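Enquirer: structure for the following, please:
(chains A and B)
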Amino acid sequence: MNMIKGILTIAAIVMLSAFTTVRNGYKVGDIATDFNLKNIDGAQVSLADYKDAKGFIVIFTCNTCPYAISYEDRIIALNKKYAAQGYPVIAIMPNNPNMQPGDNFEAMQRRAQNKGFTFPYLIDEGQKIYPQYGATKTPQVYVLQKTSNGNQVKYIGAIDDNYQDATAVQTKYVENAVESLLAGQPIKTIQTRAIGCSIKS
Amino acid sequence: MDAYFYTMRIMYVLVLILMVSCKNETSGNAKVTDEGEKEAVVMPTLEVYDFEGLKPFLKTSSETVYVVNFWATWCAPCIKEMPYFEALNTNYKDKNVEVLLVSLDFPKKYDSHLKPFIKKNKLKSRVVVLNDPDSNTWIPEINPDWSGAIPATLIFSKDKRAFYEQPFTYEELETELQKFIN
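Expert: Residues are numbered from 1 along each chain as shown, chains lettered A, B, ... in the order given. As a prediction, this is how the structure comes out:
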């Protein structure tokens, strides 16, 4: 009898551990949480601060991941193009700086200054926000649209289909998504996947 | 088992030392003007594939169990777990297990990072390189649940597959492998 109990307990543990590896996080259509995170200038930033925004291009990114670095100029270009049209870029650095010192707050400030970031670059202190979004890697984008119910997730995934070479891109997923939202059209590709650096916790 | 981990720890420290000494050597080499000396270093040749080319590596009709690890030289957790894959490759060689290390390094890093890494660490497992920027197409083909984060590992035999988007310890890796060879 004890053996059966033991087996059942083990089975329960195995099942539980299997469940914990299942990623939660947002799907397209979900309402995304707002946050109150520290920006590189020391100010706290929330989505609610943007009274005139129609939505947001939330990007989990960092200093140290080669894929994120490869996309820096394209992230700057996205903000330049869409902030004025109501879809500003909000960059969030999700890594634990103790695990990844190159992503600490001072390093974020330096990187933003060197690259001339024109958008908030927030630190997910305590790593409370990225798990709610379900981000697993950098870079990872969530395009949100402001609705009466909150900020609704409209697109999750990569910026475009070529991380190596901006000039060889065939499909600009994020731009297409934002353009569709601006035009009031359905988004053709609502979710994509790309290689990235696992978020360090 | 303790002795094993002790050995692994030494190996890891050695890898770190090698990496540091590698860095020093590079900066040292920059000052050396003798080009001939540099060329004398024989670098490994790379097998580079797009996803179509990689596909045959991801299935089998033989009795061999394959452990496929997706990694890159810049990925710290990948480098940390690499000695475990190497050890697995050595320890299970006569049990019909093969480790395949699929590098996702960028092409511009092949000569500066990837080749020196393979050489310095004397990698025994087969290394292939996947160069296919359209990852949205091939990631779900490798596994529908893969978000695209690395390290990631695929273990498969002719009638069983499992995918892991996580870093491994040697013990965990061995536990997963055992499910395929019993």
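Enquirer: could you report the neighbour count for A:Gly184?
Expert: As a burial measure, A:Gly184 scores 6 neighbours (other CB atoms under 10 Å in any protein chain shown). (Each C-beta comes from the backbone N, C-alpha and C, glycine too.)
Enquirer: tell me the phi and psi of it?
Expert: Phi and psi for A:Gly184, reported as degrees, to the nearest 10, are phi 70, psi 20.
Enquirer: for it, which residues are in contact?
Expert: Applying CB atoms under 8 Å, 6 or more residues apart in numbering or on different chains to A:Gly184 gives no contacts.
Enquirer: and it, how far from A:Asp73?
Expert: From A:Gly184 across to A:Asp73, the span is 29 Å (CB to CB, to the nearest Å).
Enquirer: could you do A:Glu125 as well?
Expert: A:Glu125 is 27 Å from A:Asp73, by CB to CB.
Enquirer: spell out which residues of chain B are next to chain A.
Expert: B:72, B:74-77, B:104, B:106-107, B:133-136, B:139-140, B:146-151, B:165-167 (CB under 8 Å from any CB of the partner chain).
Enquirer: among those, name the ones in helices.
Expert: When the residues of chain B next to chain A are checked against helices (DSSP state H), the matches are B:Ala76, B:Pro77, B:Ser135, B:Asn136, B:Ile139, B:Pro140.
Enquirer: are any of these buried, and if so which?
Expert: By neighbour count, with 16 or more other CB atoms under 10 Å in any protein chain shown, those hold B:Ala76, B:Pro77, B:Ser135, B:Asn136, B:Ile139 as buried.
Enquirer: in this structure the second one contacts B:Pro151, no?
Expert: Pointing back at B:Pro77 there. Yes - between B:Pro77 and B:Pro151 a contact is recorded at 5.5 Å, counting by CB atoms under 8 Å.
Enquirer: residue contacts, the residue lying closest to A:Asp52 once chain neighbours are set aside?
Expert: Excluding its sequence neighbours, the residue lying closest to A:Asp52 (CB to CB, 6 or more residues apart in numbering or on different chains) is A:Gly86, at 6.9 Å. For A:Gly86, the contact set (CB under 8 Å, 6+ apart) comprises A:Asp52, A:Ala53, A:Lys54, A:Gly55, A:Leu182.
Enquirer: make CSV out of the ones in helices among the residues of chain B next to chain A and add pLDDT.
Expert: Formatted as CSV, these follow (pLDDT from 0 to 100):
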residue, pLDDT
B:Ala76, 91
B:Pro77, 93
B:Ser135, 93
B:Asn136, 93
B:Ile139, 96
B:Pro140, 95
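Enquirer: A helix includes A:Met108, no?
Expert: Yes - assignment of A:Met108 by DSSP: H, G, I helix; E, B strand; the rest coil places it within a helix.
Enquirer: that one: how many residues sit nearby?
Expert: By other CB under 10 Å, neighbour count at A:Met108 equals 24.
Enquirer: tell me the spacing between it and B:Ser61.
Expert: 50 Å.
Enquirer: out of the ones in helices among the residues of chain B next to chain A, which comes closest to B:Asn182?
Expert: Nearest to B:Asn182 out of these is B:Pro77 (CB to CB; 28.2 Å).
Enquirer: chain neighbours aside, what residue packs nearest to that closest one?
Expert: In space, B:Pro77 is closest to B:Pro167, 4.4 Å off (CB to CB, 6+ apart).
Enquirer: report the buried residues of stretch B:85-96.
Expert: Under 16+ other CB under 10 Å, the buried positions of stretch B:85-96 are B:Phe85, B:Glu86, B:Ala87, B:Leu88, B:Asn89, B:Tyr92.
Enquirer: any regions of chain B where pLDDT drops low?
Expert: B:1-41 (pLDDT under 70).
Enquirer: need the helices for it, in chain order.
Expert: B:2-31, B:35-39, B:51-54, B:76-91, B:115-120, B:135-142, B:170-181.
Enquirer: and A:Ile31, how many neighbours?
Expert: 13.
Enquirer: who does it form a beta bridge with?
Expert: A:Gln152 (DSSP bridges).
Enquirer: so A:Ile190 is in contact with A:Lys154, correct?
Expert: Yes - if you go by CB under 8 Å, A:Ile190 and A:Lys154 touch, sitting 7.0 Å apart.
Enquirer: list residues touching both of these two?
Expert: A:Val28, A:Ala177.
Enquirer: relative to B:Val67, how far out is A:Thr171?
Expert: Distance of A:Thr171 to B:Val67, computed by CB to CB: 33 Å.
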